[in-house]
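>>> Provided below are the primary sequence and the corresponding predicted coordinates.
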Amino acid sequence: MVVKAAHLPGPGETVLGGTFFMNPGGKGANQAVAAARLGADVTFVVKVGDDIFGRQAVQQFGQEGIDISHVIVDPLNPSGVALISVDDKAENCIVVASGANAALMPGDLYQAEQKIRNAALILMQLEIPLETVEYVANIAAENSVKVILNPAPACDLSNALLSKVSILTPNETEAEMLTGIKIVDKESAQTAAELLAENGVETVIITLGANGALVFHANHFDWVPTRAVKAIDTTAAGDVFNGALAVAIAEGQNIEKAVLFANRAAAFSVTKLGAQASAPFRHEMN
């Protein structure tokens, strides 16, 4: 649920906003839709509430061509909801009520395990319980399936989990939370990426918004630029990046080309309002 306003409110401040709209969101959902629109064969494992938001979400996933056979309806918890404010500079602040997302536990995944084992790639986020992320990462590692982990919202991650992650994709804020290193320039970004790689991650990609992305892979740094665009709403830009990255990696593109493709998709997304609504289709990318 989004409100546009001239500026984001401070503590105790009420701001009279302008446009209000509702748009399907959630990190996992945004990434699944972005990947599907860009041509991937997507199976989405998710838990939603038995409410109007959950029913609308499942219908939307089906319309996007996503395999919804592993969508779980939770009779006890409501669907996750995000309250978002967007200012005139396209910056946003978000408060999330996790609802059913927080109830997606390892025991819910039994029927999805074969899909996980046979996947070309697994893309996960941290809006579900960490133990579920770790459980899926273990299955993926046992079956040599690549894992992209978008560590958002950031929290402490064990080396055991990081060692099973093929690609870690924090933004600069999340990289700071994971490493304690504030990203202020190229040198600090490189230091943070090296530290994350030392914990077992094969490839670290720190996304830097309009400054592109830093890639650390095989002890080598690459700075991958993005296109300059007029940003309207940055909501879900990181999710579009991750969905596009997953598509490119699954298609066999090398890491630099995959990040360039993901940067293009993310740049496209910030020129449109909304979360899933802003994800580009493949023909638009072309």
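Noted; the coordinates are in hand. Residues are numbered from 1 along each chain as shown.
>>> was I right about residue 231 contacting residue 90?
Yes - assessed by CB atoms under 8 Å, residue 231 is found in contact with residue 90 at 4.0 Å. The C-beta positions use only the backbone N, C-alpha and C, and glycine is treated the same way.
>>> which residues are in contact with both of these two?
Common neighbours of residue 231 and residue 90, using CB atoms under 8 Å, 6 or more residues apart in numbering, are residue 270.
>>> measure stretch 117-128 end to end?
20 Å (CA to CA, to the nearest Å).
>>> Quick one: mean pLDDT over that stretch.
Mean pLDDT, stretch 117-128: 97.
>>> and that stretch, which residues are buried?
119, 121-128 (16 or more other CB atoms under 10 Å).
>>> how about TSV for those, with distance to residue 27 and secondary structure added?
As requested, the buried residues of stretch 117-128 are exported to TSV (distance: CB to CB, whole Å; DSSP: H, G, I helix; E, B strand; the rest coil):
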residue	distance to residue 27	secondary structure
119	18	coil
121	17	strand
122	14	strand
123	10	strand
124	9	strand
125	4	coil
126	8	coil
127	5	coil
128	9	coil
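>>> where along the chain do the helices fall?
27-37, 52-63, 113-118, 130-142, 159-162, 172-179, 186-198, 237-250, 255-269, 282-285 (DSSP state H).
>>> Looking at those helices, spot the one closest to residue 78.
Checking the helices of the chain against residue 78 by CB to CB gives helix 52-63 as the closest, at 7.4 Å.
>>> Now the phi/psi pair for residue 236, please.
phi 70, psi 10 (degrees, to the nearest 10).
>>> what's around it, how many residues?
Residues lying near residue 236 (other CB atoms under 10 Å) number 31.
>>> Distance-wise, check it relative to residue 46.
As judged by CB to CB, to the nearest Å, residue 236 and residue 46 stand 16 Å apart.
>>> can you check residue 138 too?
Computed as CB to CB, the residue 138 to residue 46 distance reads 20 Å.
>>> do the same with residue 132
The value you get for residue 132 to residue 46, if CB to CB is used, is 11 Å.
>>> what do those two both touch?
By CB under 8 Å, 6+ apart, the residues touching both residue 132 and residue 46 are residue 104.
>>> rewinding a little: as CSV, the buried residues of stretch 117-128 with distance to residue 248 would be great.
Formatted as CSV, the buried residues of stretch 117-128 follow (distance: CB to CB, whole Å):
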residue, distance to residue 248
119, 16
121, 10
122, 15
123, 12
124, 17
125, 18
126, 22
127, 23
128, 24
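>>> so which of those residues comes closest to residue 32?
residue 123 (8.0 Å).
>>> In contact with that closest one, which residues are there?
31, 35, 147-148, 150, 242-243, 246.
>>> ok, and the closest non-adjacent residue to the spatially most central residue of the chain?
Centrality entry for the chain: nearest residue to the mean C-alpha point is residue 239, 3.6 Å, by CA atoms, centre = their mean. The shortest distance from residue 239 to any non-neighbouring residue, by CB to CB, 6 or more residues apart in numbering, is to residue 30 (3.5 Å).
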